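Enquirer: Return atomic coordinates for the entry below.
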Amino acid sequence: MRGLTSELRRAATAELACGAGSVLTGGGTAQRTAKTGMTYPPVGQFVDVTGGKVHYLRDGTGPELILLHGAGGNLRDFTFDLMHRLTDDYTVTLFDRPGHGYTDRVPGIDTGAFATDGDSPQAQAKMLREAAGKLGIKDPVVGGHSLGGIVSLAWAVAGLDQDADHNARAIVSFAGVAMPWDGGLGAFYTANSSALGGGIVIPFLSALATDGIVDNSIEGVFAPDPAPEGYGEHLGARLILRPDSFRANVRQVSELHPNVVKLQTHYDELTLPIEILHGTADTVVPIDIHAREIVKIVPSVRVQELEGVGHMPHHVDPIAAVAAIDRAAGRAGLR
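Expert: Numbers count the residues shown, from 1 in each chain. The predicted structure follows:
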């Protein structure tokens with residue numbers, strides 16, 4: 001499948017191969033999970049929503065800006081560099097998406113080790129919209145990276161028939177999923193989103209993952225651009241290797257396609273400003289399938305292409321990322 005990534009699938013296959021041959025060091029899965037939590041504790045606060053809690057970080061002054069991270073990430077992705085560039089001009093709220101970092105899964109979903117349910121973008125947006133309402137956020141620009149991009153679009157679609165203060169006034173997408181794609185997800189996601197994969201294989205992979213595997217995966221996501229020095233450690237990349245988070249991530253990705261198809265049927269109703277920043281060398285969420293297609297059907301979409309840039313444009317060119325946010329806010333009359 002080209003829509004989510006030939007390179008990511010190859011990186012995942014490499015992880016399986018390397019992990020199976022690794023020597024298990026330290027404690028088992030439970031011990032590693034506990035150690036990861038102590039090494040990378042929550043950096044923000046929690047807000048209660050229906051069925052659970054949402055972890056968020058909030059800082060700055062000015063118009064409201066919400067940022068949503070991508071698959072396998074957490075809100076620390078934005079604190080590495082981008083957030084500090086924004087807090088003089090925006091009140092920035094970062095959310096851990098459901099099942100990631102320290103946010104609970106969406107309400108009502110079966111979270112058992114052998115369950116196969118994934119948190120849809122629509123359900124994630126509903127949970128995070130409730131959190132935004134509880135925090136008193138009004139008229140936000142909502143931005144998302146990668147899978148967070150489709151959640152931001154789901155946020156906008158939800159506002160079509162809901163009159164709420166936290167409806168998005170504008171959308172910003174950094175290499176975001178937007179459109180359906182042809183093909184499947186490959187063996188890694190198919191196997192690990194299954195009942196046996198979630199209950200048996202994922203704990204095994206979680207326990208065996210080495211620092212080298214984690215580093216190689218990060219390099220693969222940034223390719224062809226280099227990953228910034230210290231990014232993986234700042235992100236707390238091992239948070240996604242906790243079995244519950246690992247399961248949540250693969251199940252969300254595995255159930256993504258039919259939900260994108262559903263959301264696409266509402267795109268022609270969207271009139272709010274949408275700014276997209278997308279690298280032309282992105283093989284994780286290819287620009288040909290996503291940014292260059294949604295711009296054809298939504299008149300309010302504007303796309304800035306970054307020549308030769310991969311899947312992490314907000315890290316490779318943070319100045320362009322800030323400019324995209326400024327354009328969205330300006331078009332929405334917020335600046």
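
Enquirer: Just list the residues touching Pro313, thanks.
Expert: 174-175, 277-279, 282, 306, 320-321 (CB atoms under 8 Å, 6 or more residues apart in numbering). Every residue, glycine included, has its C-beta placed from N, CA and C.

Enquirer: Would you double-check that Gln31 falls in a helix?
Expert: Yes - if the criterion is DSSP: H, G, I helix; E, B strand; the rest coil, then Gln31 is within a helix.

Enquirer: measure the residue lying closest to Gly70 once chain neighbours are set aside to Gly197 for me?
Expert: Leaving aside its sequence neighbours, Gly70 sits nearest to Ser146 (CB to CB, 6 or more residues apart in numbering; 2.9 Å). Per CB to CB, to the nearest Å, Ser146 is found 22 Å from Gly197.

Enquirer: quick one, which of the two is more surrounded?
Expert: Ser146 (27 against 23; other CB atoms under 10 Å).

Enquirer: Extract the C-alpha trace of stretch 221-232 and format it as PDB.
Expert: The C-alpha coordinates for stretch 221-232 follow below in PDB (Å, rounded to 0.1, in the frame of the first residue of the first chain):
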ATOM      1  CA  VAL A 221      10.000   7.900   9.500                       C
ATOM      2  CA  PHE A 222      12.200  11.000   8.900                       C
ATOM      3  CA  ALA A 223      13.800   9.600   5.700                       C
ATOM      4  CA  PRO A 224      15.200  11.000   3.400                       C
ATOM      5  CA  ASP A 225      15.800  13.700   6.000                       C
ATOM      6  CA  PRO A 226      18.000  12.900   9.000                       C
ATOM      7  CA  ALA A 227      16.300  12.700  12.400                       C
ATOM      8  CA  PRO A 228      17.400  15.500  14.700                       C
ATOM      9  CA  GLU A 229      19.900  14.600  17.300                       C
ATOM     10  CA  GLY A 230      18.100  13.700  20.600                       C
ATOM     11  CA  TYR A 231      14.700  13.500  19.100                       C
ATOM     12  CA  GLY A 232      14.000   9.900  20.100                       C
END
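
Enquirer: what's the spacing between that stretch and its chain's center?
Expert: Distance of stretch 221-232 from the chain centroid (CA atoms, centre = their mean, to the nearest Å) equals 16 Å.
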